[in-house]
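# Show me how the following folds:
(one chain, ligands or ions: 1)
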Amino acid sequence: MKEILERILKFRDERGWKKFHKPKELAASIAIEVGELLEVFQWLSEEEVKKLLEENEGFRERLREEIADILIYTLILAHETGIEPREAILRKIEVNRRKYPVNEYYGVARMDLLEGRKVE
Ligand SMILES: [Mg+2]
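Okay, the predicted model is just below:
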């Protein structure tokens, strides 16, 4: 993670782009890249996505690039705001572990839709 961040920052700083990387601008950039990620899947059925992932390297490359864009901007945002990504992820996993106990949430994505129902 550290080596990757160093390479990202070197790339950025060689181009004099640090001045553009304010937290709000980086958050907006992440949202824009998430939009581009959604565009990759736009109008495709689950079956079509599965087939493209298996057979179409161009599709996989588009997906790879958008995932990379999101991760790159996210790592820069974390760096610029003094958030350590590994620690942030581990802390959030722990928060989620407590918030969603396995015995209540196993296999359930929308608990709000099941209010009042007992989950087996
Ligand atoms: Mg992109």
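# and the protein, which of its residues are near the ion?
For the chain, the residues found near the ion under the criterion Cβ under 5 Å from the ion are E33, E36, E66, D69. For every residue, glycine as well, the C-beta is placed using N, CA and C.
# distance of G58 from K51?
13 Å (Cβ to Cβ, to the nearest Å).
# Show me which of those two is the more surrounded one.
K51 (13 against 8; other Cβ atoms under 10 Å).
# could you say which helix or strand contains that one?
K51 is part of helix 46-55, with elements assigned from DSSP states H and E.
# quick one: contacts of that helix?
By Cβ atoms under 8 Å, 6 or more residues apart in numbering, the residues outside helix 46-55 that reach it are F41, L44, F59, R60, L63.
# what's around the fourth one, how many residues?
Looking back up the chat, that one is R60. Neighbour tally, R60, other Cβ under 10 Å: 14.
# Give me the neighbour count for the nearest residue to it once chain neighbours are set aside.
Nearest non-adjacent residue to R60, counting by Cβ to Cβ, 6 or more residues apart in numbering: L53, 6.4 Å away. Counted with other Cβ under 10 Å, residues neighbouring L53 total 11.
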